[in-house]
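[1] My questions are about this predicted structure, shown below with the sequence.
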Amino acid sequence: MALPLEVHGLSTTLFTRRGEMKAVDGLSLSVGAGETVALVGESGCGKSLSALSIMRLLPDPPARIVGGEIRLNGRDIVPLPEEGMLAIRGKEIGMIFQDPMSSLNPVATVEKQIVEVLLAHTDLGRWQARARAHELLELVGMPDAARRLDEYPHRLSGGMCQRVVIAMAIACSPSVLIADEPTTALDVTVQAQVLALLKKLQADAGMAMVFITHDLGVVAETADRVVVMYAGRKVEEATVDDLFEMPLHPYTAGLIGATPVPGAARAERLADIPGMVPPLNALPQGCAFAPRCPRVMERCRQERPELTRPSQGRLVACFAAERG
Amino acid sequence: MSLLSLNNLHVHFNTPNGVVRAVSGVSLDLAVGETLGLVGESGCGKSTLGKAIMKLVPIAGGEILIDDADIAPLDRKQLIDMRRKVQMIFQDPYGSLNPRSTVGRSVAQPLALAGWKPAAIAERVETLLRWVGLPTDAKQRYPHEFSGGQRQRIGIARALALSPKLIICDEPVSALDVSVRAQVINLLEDLKGQFGVSYLFISHDLSVVEHIADRVAVMYLGMLVETGGRDQIWRNPQHPYTRALLAAAPIANPKIARARQRTVLQGELPSPLDPPAGCPFNSRCPIAQDRCRTDKPVLRPVGGGALAACHFV
């Protein structure tokens, strides 16, 4: 049987006045039922544009998918027209974004927004949909759910708004859930609540989840597998334990070294990565990480390393890692 | 000796819906050469406390002692001397730099206000930019030409201009990418080693605070609920809120993350317009009793040099 989500060689290009920029360059990724794959990287690495590509929500212009396949339960959705996507989004694939306030309609009540999703994708009648909206709010742990149905988003806290967004995302039991920095705007105690909720909902429904984040702490807490992106390309993929135990790509190692771990033996200084992420329209020849890399070799400045498979379940794109 | 002492500091804001007690009776000390981490969730009053020390918000009561002189009652003119001793850096360096002013002018401004001669200013600006790791030609350029991390370096150079004793850092690395965040944290630590400057480091990110702070103060709804040495707070937190906060902080190590037991704190922060009676934390506290809903706990020693405001620790 096909996996819920399989992405092969996805390429998304930004067509701007300053030229074409490969924001996502040949990304492949698969997520099984009940599995969480974290997509990690710093700003500009292409993780959010990958998510928008999978949702087919790219701002066009300037962004357009120029190659690759996105198979949702076996069916390639790249060639689908927008009408086809309307039937899929919210039903087969749900989404949660960073800022819950801007994902909600400010002039519609919570109930109306959830009911709208149900009416669009299910056979429920209006009354059944309203009852189901109430159930969903209870399910996502909304305090005082019955009363919140009639509230407008501005009356709710950020954490409560994110619960409404989650209720809408799971309303039709999608097989794939895309969560783009879903807890970044939340306070740490509320973040813990939302992460616990997402894990529980995912386990109960066996959803495949793509979790996009820059926060390695959140990755360690939620992911089964991790895909690290740099300058639009996948540079490493591994299970969460392998990745943190023995990162193979110098960029991954740099990210882990730059993140303080409370309770671990204290390093005097954090291992920082010199320089910054290069702009997409001025990528260096060869490996995009070469100018910042502590293990850079002459070859890295000429040739771009392709992904190799050093051991079962691991992928890395680095000449230095290949040599060990 | 304490460089900074707050005694029963209050900051109130009048809003159309009532009075918000953003800082409500906070007392704390910061020693020379020390980094004090101030943590708490949004709305707990940590940023307001930082601004109060800079006298950027009106003080409703209490004392702010800097080198044993109370600055709370002083007006703008009398504050000039204080501003040499205390400087501040902000979360959004772009918002705190004048976009139409070159980096050189922004960094030179505190020096000019302090009456430095132009030749001395030019030399000092070059030194400052070198210290924070910016190229010398940065001084002719404008803030928009720099990345977020570099802009934060500009803010740090400006804060260092008059050799302050204390720098208040309000979420200085929260807007930065992971790799750049580590660069700025390392820079702050290097500067501390070089110049003996003290930091009040305000952040919601507990792992960063654990890395950088010598002592930690935890705030909840305008009040201090616990203070203590970093290791004491991390290994042996006493206040139930501190415990909940630490349990909620994600840990970038899957083995440690799975091994620890998690009690997820329920509920959300109450509105600061209408804080609960008694202990501010009683509405979310897992060990709250009747007494907590009527009596407000005060900070008291709980061992290991720590103080906590809870009836039951």
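    Okay, I see it.

[2] Now for the closest residue to chain B within the stretch 201-324 of chain A: which residues touch it?
    Scanning the stretch 201-324 of chain A for proximity to chain B using C-beta to the nearest C-beta identifies A:G217 as nearest, at 3.0 Å. Backbone N, C-alpha and C define where each C-beta goes, glycine included. By C-beta atoms under 8 Å, 6 or more residues apart in numbering or on different chains, A:G217 lies in contact with A:T259, B:S207, B:A249, B:P250, B:I251, B:A252, B:A257.

[3] Chain A contacts on the stretch 151-300 of chain B?
    Neighbours of chain A within the stretch 151-300 of chain B, by C-beta under 8 Å from any C-beta of the partner chain: B:177-183, B:185-186, B:189, B:204, B:206-208, B:210-211, B:234-235, B:244-257, B:262, B:264-269.

[4] Who is B:L38 paired with across the strands?
    Counting by DSSP bridges, B:L38 is bridged to B:I202, B:A217.

[5] Please report how far it lies from A:T184.
    In this view, B:L38 and A:T184 are 21 Å apart by C-beta to C-beta, to the nearest Å.

[6] Show me where the chain has its strands.
    Went with chain A since none was named. Under the criterion DSSP state E, chain A contains strands at A:5-16, A:19-31, A:36-40, A:63-72, A:75-76, A:93-96, A:176-180, A:208-213, A:225-230, A:233-239, A:315-316.

[7] You answered for a different chain; I wanted chain B.
    Taking DSSP E, the strands of chain B run over residues B:2-15, B:18-31, B:35-39, B:61-66, B:69-70, B:86-89, B:166-170, B:198-203, B:215-220, B:223-229, B:300-301, B:307-308.

[8] Which residue comes closest to the closest residue to chain A within the stretch 201-313 of chain B once chain neighbours are left out?
    The stretch 201-313 of chain B approaches chain A most closely through B:P250 (3.0 Å), counting by C-beta to the nearest C-beta. Spatial nearest neighbour of B:P250, chain neighbours left out: A:G217 (3.0 Å); criterion: C-beta to C-beta, 6 or more residues apart in numbering or on different chains.

[9] hmm, back to that, now, of the residues of the stretch 151-300 of chain B next to chain A, which are buried?
    Among those, those buried by neighbour count (16 or more other C-beta atoms under 10 Å in any protein chain shown) are B:177-183, B:185-186, B:189, B:204, B:206-208, B:210-211, B:234, B:244-254, B:257, B:264-265, B:268-269.

[10] just for the stretch 101-250 of chain A, where's the confidence low?
    For the stretch 101-250 of chain A, applying pLDDT under 70 flags no range at all.

[11] no no, chain B
    Along chain B, the model assigns pLDDT under 70 to residues B:261.

[12] can we see that at 80?
    B:1, B:93-94, B:260-264, B:266-268 (pLDDT under 80).

[13] and whichever residue of the stretch 1-150 of chain A sits closest to chain B, how many residues sit next to it?
    Proximity of the stretch 1-150 of chain A to chain B (C-beta to the nearest C-beta) peaks at A:E42, 4.0 Å away. The local packing of A:E42 (other C-beta atoms under 10 Å in any protein chain shown) involves 21 other residues.

[14] Not counting sequence-adjacent ones, nearest residue to it?
    B:D177 (4.0 Å).

[15] Equivalent analysis for B:R141, please.
    Going by C-beta to C-beta, 6+ apart, B:R141 has B:V103 as its nearest residue, at 5.8 Å.

[16] so what's the residue nearest the centre of chain A bridging to?
    Taking C-alpha atoms, centre = their mean, the centroid of chain A lies closest to A:I212, which sits 2.7 Å from it. Assessed by DSSP bridges, A:I212 has beta-bridge partners A:L39, A:D180.

[17] my read: it touches A:A51, true?
    Yes - using C-beta atoms under 8 Å, A:I212 is in contact with A:A51, at 5.4 Å.

[18] Need the overlap of contacts for these two.
    A:L39, A:I178, A:D180.

[19] what's the distance between the first one and A:T222?
    The span separating A:L39 from A:T222 equals 12 Å under the rule C-beta to C-beta.

[20] quick one: common contacting residues for these two?
    A:F211.

[21] circling back to that earlier point, which residues touch the residue of the stretch 1-150 of chain A closest to chain B?
    Going by C-beta under 8 Å, 6+ apart, A:E42 touches A:H214, A:Y230, A:L255, A:V277, B:D177, B:V178, B:S179, B:V180.

[22] Nearest to B:C44 among these?
    Nearest to B:C44 among the contacts of A:E42, counting by C-beta to C-beta, is A:H214 at 23.9 Å.
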